[in-house]
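>>> Everything below, folded, please.
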Amino acid sequence: MEITRRNRTELKAYFVKNSIPKESNFAELIDGMLNQKEDGIVKLPGDPLSLEAAGDDTSVKPLLNFYRSFRDPSPAWRLTLNPRSNPHDAGSARAGLNISDGAGQSRLFIDGTTGHVGIGTLTPGAKLDVYATSETHGWYEAIRFSQSRSAITLPSGGLLFGLHSDRNFYFVDIKEERQKNLMTIDANTGNVGIGPAGLVARLEVAVEATDDNTMPLFIGKGPSPHLTILNNGHVGIGTTMPAGRLEVAVAAGDAQTPPLVVKKGSEEYLRIRNDGAVDVLKGSLYVVGTVAAEAFEGSINASHILTGTLRSDCLPKQEDWHSVTLANAWVQFSDEYNPAQYFKDSQGIVHLRGLIKHSQLGSVRNNEVHNNLLVLFTLPEGYRPPYRQLHVVCTNANEVGRIDVLSDGSVTMISGNFGWISLDSISFRAS
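From the prediction side, this is the model:
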């Protein structure tokens with residue numbers, strides 16, 4: 001910067017003893033001083049020093065220039081009150097306090113209208129808007145933390161976002177005296193932990209040992225659950241209250257969506273329908289170990305196999321045969337034939353078997369005896385039909401007979417030969 005004013009030593013030389021200063025000397029002396037009226041700098045009694053920006057309202061309103069040396073051609077820093085994002089466009093001016101470098105590049109700007117602070121930008125869109133220009137590892141670095149444990153905190157909300165030299169990111173609840181990790185991200189492995197997790201997997205969700213209320217995982221559409229994991233380890237698909245380790249539910253009116261489908265690639269191997277039926281589409285369905293029949297409510301049988309096989313050695317285990325108590329002098333025919341017995345299979349079908357005879361009447365036909373001799377035995381509750389059942393059977397001398405099974409459980413001979421009667425063809429669905 002070129003300064004044409006004389007320095008103090010030169011001015012003093014005009015006014016030494018016996019010299020006669022000229023008018024021009026007095027003019028130089030006056031012009032070398034600051035004038036509060038003309039020079040835009042005022043100090044009134046009781047007020048701080050005041051500066052007035054130069055230029056009209058269309059200018060950038062320069063206020064202060066800072067030089068390392070007046071020998072420099074331009075200032076190191078400038079302070080302006082009406083900076084422009086485009087130096088050649090007066091319409092791009094923004095009223096505010098701006099600190100720029102010697103080249104006029106804005107470094108810090110406070111918007112006079114919004115109070116927003118811009119670093120590297122004259123158009124801050126938030127309370128703090130940072131426009132980064134230096135690139136690091138392919139990223140524009142806007143903020144750098146140099147301490148080994150640095151954090152951004154929101155004390156009023158009790159929240160902390162921390163960066164640690166162990167290369168972990170921490171989201172921490174600092175509202176209470178004891179800090180609680182809400183989320184941790186391990187930069188080395190990429191593992192994410194929610195809650196007091198150990199970061200042993202890509203995603204680990206944990207709750208406090210004393211927390212019986214928090215649901216570790218809920219994925220849904222609005223309030224409708226798609227996937228739920230409770231803190232007892234139960235998993236629910238379509239339900240928020242799974243009663244077992246895995247519970248799959250579909251909407252009551254949804255007759256299309258199968259609760260479970262097992263695939264390998266695009267090939268479907270197993271499907272469980274809404275009605276509980278199991279379709280084995282490819283491969284085999286088998287059960288390891290002993291499974292009681294009541295564990296298979298609904299249908300699991302060969303009629304539901306579209307492709308593949310249902311291994312006979314792994315079908316649901318059926319209950320054993322139960323012996324009946326024969327009434328009215330009816331007895332087993334001989335040890336060569338099935339004894340009189342019954343059982344109910346996994347489908348709820350009751351089966352009878354056995355060959356019996358009347359111990360006193362021999363080959364007398366039933367229409368020749370009193371009716372109280374016609375009750376063969378009585379089935380217990382749970383093994384009775386809902387209504388009276390009529391069954392055609394084979395009797396002595398290969399005569400065709402009829403046995404009725406009543407809803408009270410009584411198995412009654414209606415016609416046939418008392419010499420013997422077969423129960424082997426009788427079966428019905430229990431009530």
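>>> Every contact and neighbour count from this point should use C-alpha atoms.
Will do.
>>> And what about Gly193, helix, strand or coil?
Three-state call for Gly193 (DSSP: H, G, I helix; E, B strand; the rest coil): strand.
>>> er, Lys12 actually
Lys12 - assigned by three-state DSSP - is helix.
>>> got the contact list for it?
Not one residue lies near Lys12 by C-alpha atoms under 8 Å, 6 or more residues apart in numbering.
>>> how's the chain carved up into domains?
34-136, 149-206, 256-317, 322-429 (automatic domain parsing).
>>> worst average pLDDT in those?
In terms of mean pLDDT, the lowest-scoring of those is domain 256-317 (a mean of 63).
>>> can you pull the buried residues of the lengthiest helix in the chain?
Criterion DSSP state H: the longest helix present in the chain is helix 23-31. For helix 23-31, the neighbour count (16 or more other C-alpha atoms under 10 Å) marks Asn25, Leu29 as buried.
>>> picking up where we left off before, so which of the domains of the chain is nearest Ile219?
Proximity to Ile219, assessed across the domains of the chain by C-alpha to C-alpha, is greatest for domain 149-206 (13.4 Å).
>>> Helix or strand: which one has Leu160?
If you go by DSSP states H and E, Leu160 is part of strand 159-164.
>>> in its sheet, what does that strand sit against?
Sheet partners assigned to strand 159-164 using DSSP bridges are listed as strand 149-154 (antiparallel), strand 168-173 (antiparallel).
>>> what's the following helix or strand after the last one?
Okay, so that is strand 168-173. Strand 168-173 is succeeded, C-terminally, by strand 180-186 (DSSP H and E).
>>> Columns mean neighbour count on top of the domains of the chain, output as CSV?
Output for those, formatted as CSV (neighbours: other C-alpha atoms under 10 Å):
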stretch, mean neighbour count
domain 34-136, 16
domain 149-206, 15
domain 256-317, 15
domain 322-429, 18
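>>> can I get those in TSV with distance to Val235?
Formatted as TSV, the domains of the chain follow (distance: least, C-alpha to C-alpha, whole Å):
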stretch	distance to Val235
domain 34-136	43
domain 149-206	14
domain 256-317	14
domain 322-429	28
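>>> So for Pro223, which of these sits nearest?
Closest approach to Pro223 among these (C-alpha to C-alpha): domain 256-317, 19.4 Å.
>>> Span of that closest one from start to end?
30 Å (C-alpha to C-alpha, to the nearest Å).
>>> And the helices in this protein?
Using DSSP H, helices in the chain cover 8-12, 23-31.
>>> Format those helices as JSON lines; extra columns: mean pLDDT and distance to Gly125.
Output for the helices of the chain, formatted as JSON lines (pLDDT from 0 to 100; distance: least, C-alpha to C-alpha, whole Å):
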{"stretch": "helix 8-12", "mean pLDDT": "88", "distance to Gly125": "50"}
{"stretch": "helix 23-31", "mean pLDDT": "88", "distance to Gly125": "46"}
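>>> Pipe those helices into a markdown table and attach distance to Ser74 per row.
Output for those, formatted as a markdown table (distance: least, C-alpha to C-alpha, whole Å):
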| stretch | distance to Ser74 |
| --- | --- |
| helix 8-12 | 24 |
| helix 23-31 | 23 |
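>>> mind checking which of these is nearest Asp56?
helix 23-31 (23.3 Å).
>>> Can you name every helix or strand that that closest one contacts?
For helix 23-31, the packing partners by 3 or more C-alpha pairs under 8 Å, 6 or more residues apart in numbering; DSSP states H and E come out as helix 8-12.
>>> Give me the distance from the helix it packs on to the chain's centre.
Put simply, helix 8-12 sits 82 Å off its chain's centre (C-alpha atoms, centre = their mean, to the nearest Å).
>>> buried set for it?
When burial is assessed from 16+ other C-alpha under 10 Å, helix 8-12 yields the following buried residues: Leu11.
>>> just checking, Gly233 touches Arg245?
Yes: using C-alpha atoms under 8 Å, Gly233 is in contact with Arg245, at 6.7 Å.
>>> Show the contacting residues for the residue lying closest to Leu379 once chain neighbours are set aside.
The spatial neighbour of Leu379 that comes closest, neighbours along the chain excluded (C-alpha to C-alpha, 6 or more residues apart in numbering), is Gly409 at 4.5 Å. Residues in contact with Gly409 (C-alpha under 8 Å, 6+ apart) are Thr378, Leu379, Pro380, Glu381, Tyr383, Arg384, Pro385.
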